[in-house]
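My questions concern the predicted model and sequence given below.
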Amino acid sequence: MSVQNLNSYDPFADEGDPLGDAADVGSTSDYIHIRIQQRNGRKTLTTLQGLPKQYDSKKLLKAFKKEFACNGTLVDDEKMGQVIQLQGDQRAKISNFLSENGIEKSTIKVHGF
Amino acid sequence: MSEEPLFDPSLKKRKKKTVAFTEDPLGADADPTAPPPESIDGTTINGDPVDLGPTTAHERMKEEKDKPADDDFKAMFGDIKKKKKKKEIPMDFGEDSGTSTPATTAEPTTTAAATITPDDLDFSDIKKKKKSTKKKAAFDLEAFEKELNDSKSKSTTTTTTTSSSSGDGKGGAAEEDDDDGPEPDTTHLDHIDEAELGDDPFAHPGDAPVGVDAGNEAWLKSDRDYTYPELLTRFYASLHAANPALLSTSSRKRYTIAPPQLFREGNKKSIFANVTDICKKMHRQPEHVIQFLFAEMGTTGSVDGAGRLVIKGRFQQKQIENVLRRYMVEYVTCKTCKSPDTLLTKENRIFFMACESCGSRRSVNAIKSGFQAQVGKRSKNKTG
């Protein structure tokens, strides 16, 4: 007969380095990043990275292209996953579009100048 | 004729034609439903102030919609309803905020003062005043500040009477020993001072220290009990007279940084000349700042011999300034106390920011440059 309370469990046991297994503490992994890149001349490129899995990026891209009247493409990056690329500076528009369609504004991070 | 219906709720149509500046945005809503002529009598019977006229009409309109038809209810929540409606109407600025809001705000402030007066604690009194400040500041700042001044003067007079009547409250204790009296309160005072100076720069410093020279206040000679605000100002005046260093820290000098100097090198490169100066000013490693700049702007670059940063791409001073500002928010200013007096240290591959002024310590995000799209010719790109 075993009493649950008497089980040998050391509450002070070493749990290991709390920062050890999570290599990216304070990481921005759950953010949606909207970045901008300069091309030649006045041209720019907007990238959207870190879209949550439940959103279909293909459909989103289609909506973006229609809404912002720009071309765009879906890029598969081995590290970053699927990234939406749009022509021109669409950062403010994207963040507005996403927050209007039920994505928390605090999870969207707009980078760039 | 022109004077009386000027504020009459049901005669807005005529008002609009005759006097332009009395046009009320509420009137536009009220007109289609055409409030019955009884409403005129109703308002006069109720004895509402003339200023409140338009809002009452609006209330009536709402009553017709909802049909709660409860006079007590209306009387109780009349104020709240009015405020709600004000928020809903987008074009509510011009005339309305000038005339009717002061009247509505007047009631809560006076009631607040009335509720305060029974309390003998002056500290709570101040707190309440502050609360009311913030709540109502959202509605109408200008009109409210007038009200605030009024209510403050009112409440100070009321507290004067209460404390003098209650006799041996805080005032009595302070009276016995003028120097020791205020000292136990300093912790509270600090809170008040900080909140008033830090949170709300627009707030009137009310009982906070103003330039009153200590030692020769008029009330010192009088025989009555000293009030808390009086002693408070006296304490602060003498405190700041004794050590002016405190005054400068409380007024918190602004943290300024020289604007970035941007030059164009050729057609495709920008030169950020005073990176090192700015980094020195922020107490940050130039490498860290540069890494952040490149990650944010999605470019690359290098530092030339003179310590200037050469950035690939065309950038303007304003753009760099924006990025630097974001850097400061994230890596320089303390999140707790907003002080820029922080240290950035690296431990176990993680950056920690320690605040020098408040002692707080937190980890900060590592700088990550995200996805970099292929720009330019593929043949120039070595990897691709």
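Yep, that arrived. Note that the structure is a prediction, hence the values are computed from the model and not measured.

any idea what whichever residue of the stretch 251-384 of chain B sits closest to chain A is structurally, helix, strand or coil?
Nearest to chain A, among the residues of the stretch 251-384 of chain B, is residue B:319, at 3.3 Å (CB to the nearest CB). Backbone N, C-alpha and C define where each C-beta goes, glycine included. When classified by DSSP: H, G, I helix; E, B strand; the rest coil, residue B:319 comes out as helix.

From chain B, how far out is residue A:79?
According to CB to the nearest CB, to the nearest Å, residue A:79 stands 8 Å off from chain B.

Over to residue A:35?
Using CB to the nearest CB, residue A:35 is found at 6 Å from chain B.

Am I right that that residue is in a helix?
No. Under three-state DSSP, residue A:35 falls outside any helix and is assigned strand.

so where do the helices sit in chain A?
A:57-68, A:91-100 (DSSP state H).

Now render the ones you listed as CSV, adding mean neighbour count, distance to chain B and mean pLDDT.
Shown next, in CSV, are the helices of chain A (neighbours: other CB atoms under 10 Å in any protein chain shown; distance: least, CB to the nearest CB, whole Å; pLDDT from 0 to 100):
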stretch, mean neighbour count, distance to chain B, mean pLDDT
helix A:57-68, 15, 13, 92
helix A:91-100, 16, 12, 91
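
got JSON lines for the ones you listed, with distance to residue B:305 too?
Converted to JSON lines, the helices of chain A look like this (distance: least, CB to CB, whole Å):
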{"stretch": "helix A:57-68", "distance to residue B:305": "43"}
{"stretch": "helix A:91-100", "distance to residue B:305": "35"}
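
Of all these, which one is nearest residue B:346?
helix A:91-100 (30.6 Å; CB to CB).

With adjacent residues omitted, what lies nearest to the residue of the stretch 251-384 of chain B closest to chain A?
Nearest residue to residue B:319 in three dimensions, chain neighbours excluded: residue A:113, at 3.3 Å (CB to CB, 6 or more residues apart in numbering or on different chains).

Number of residues surrounding the nearest residue to residue A:33 once chain neighbours are set aside?
In this structure, residue A:33 finds its nearest non-sequential neighbour in residue A:49, 4.6 Å apart by CB to CB, 6+ apart. When neighbours are counted by other CB atoms under 10 Å in any protein chain shown, residue A:49 registers 21.

Any idea how many residues pack against the residue of the stretch 251-384 of chain B closest to chain A?
With other CB under 10 Å as criterion, residue B:319 counts 18.

Could you do the one 3 residues further on as well?
Taking other CB under 10 Å as the neighbour definition, residue B:322 ends up with a count of 15.

where does it fall, phi/psi-wise?
The phi and psi values for residue B:322, taken as degrees, to the nearest 10, are phi -60, psi -50.

hmm, back to that, per-residue confidence at the residue of the stretch 251-384 of chain B closest to chain A?
pLDDT recorded at residue B:319 is 89.

Check the one 10 residues further on too.
The predicted local confidence for residue B:329 comes out at a pLDDT of 88.

Residue B:166 too?
Confidence score, pLDDT, at residue B:166: 40.

show me what contacts the nearest residue to residue A:76 once chain neighbours are set aside?
Spatial nearest neighbour of residue A:76, chain neighbours left out: residue A:82 (5.9 Å); criterion: CB to CB, 6+ apart. Shown in contact with residue A:82 (CB atoms under 8 Å, 6 or more residues apart in numbering or on different chains): A:51, A:57, A:74-76.

From the residues you listed, keep the buried residues only.
Buried subset of the contacts of residue A:82 (neighbour count, 16 or more other CB atoms under 10 Å in any protein chain shown): A:51, A:57, A:75.

Residue B:290 belongs to a helix, doesn't it?
Yes. Counting by three-state DSSP, residue B:290 is found in a helix.

check which helix or strand covers residue B:325.
In the assignment (DSSP states H and E), residue B:325 maps to helix B:317-327.

Same question for that helix: list its buried residues.
Neighbour-count burial for helix B:317-327 [16+ other CB under 10 Å]: B:319-320, B:323-324, B:326-327.

and what of stretch B:365-382?
Per 16+ other CB under 10 Å, stretch B:365-382 contains these buried residues: B:365-367, B:369-373, B:375.

show me which of the residues you listed neighbour chain A.
Contacts with chain A within these, counted by CB under 8 Å from any CB of the partner chain: B:365-366, B:370-373, B:375.

tell me the contacts of the closest residue to residue B:355 other than its chain neighbours?
In this structure, residue B:355 finds its nearest non-sequential neighbour in residue B:334, 3.8 Å apart by CB to CB, 6+ apart. Neighbour list for residue B:334: B:340-342, B:353, B:355, B:357-358, B:360 [criterion: CB under 8 Å, 6+ apart].

Residue ranges in chain A under the pLDDT threshold?
A:1-4, A:11, A:14-29 (pLDDT under 70).

What is the neighbour count of the closest residue in space to residue B:302 that isn't next to it in sequence?
Setting aside the residues directly before and after it, residue B:302 is nearest to residue B:310 in space (CB to CB, 6+ apart), at 5.3 Å. By other CB under 10 Å, the residues close to residue B:310 number 15.

Confirm that residue B:310 sits in a strand.
Yes. Counting by three-state DSSP, residue B:310 falls inside a strand.

Is it in contact with residue B:268, as I believe?
No. Taking contacts as CB atoms under 8 Å, residue B:310 lies outside contact range of residue B:268: 10.5 Å.

State the distance from the residue in chain A that chain B sits nearest to to residue B:344.
Nearest residue of chain A to chain B: residue A:113, at 3.3 Å (CB to the nearest CB). Taking CB to CB, to the nearest Å as the measure, residue A:113 falls 23 Å from residue B:344.

next one: residue B:292
Distance from residue B:292 to residue B:344, by CB to CB: 11 Å.

Mind listing the shared neighbours of the two?
residue B:331.

out of these two, which sits in the busier spot?
A side-by-side neighbour count of residue B:292 and residue B:344, using other CB under 10 Å, places residue B:292 first with 19 against 16.

hang on, isn't that one packed against residue B:327?
Yes. Using CB under 8 Å, residue B:292 is in contact with residue B:327, at 5.1 Å.

so where's the stretch 201-350 of chain B shaky on pLDDT?
B:201-216, B:245-254.

That one against chain A: which residues are in contact?
B:295-299, B:313-315, B:319-320, B:322-323, B:348, B:350.
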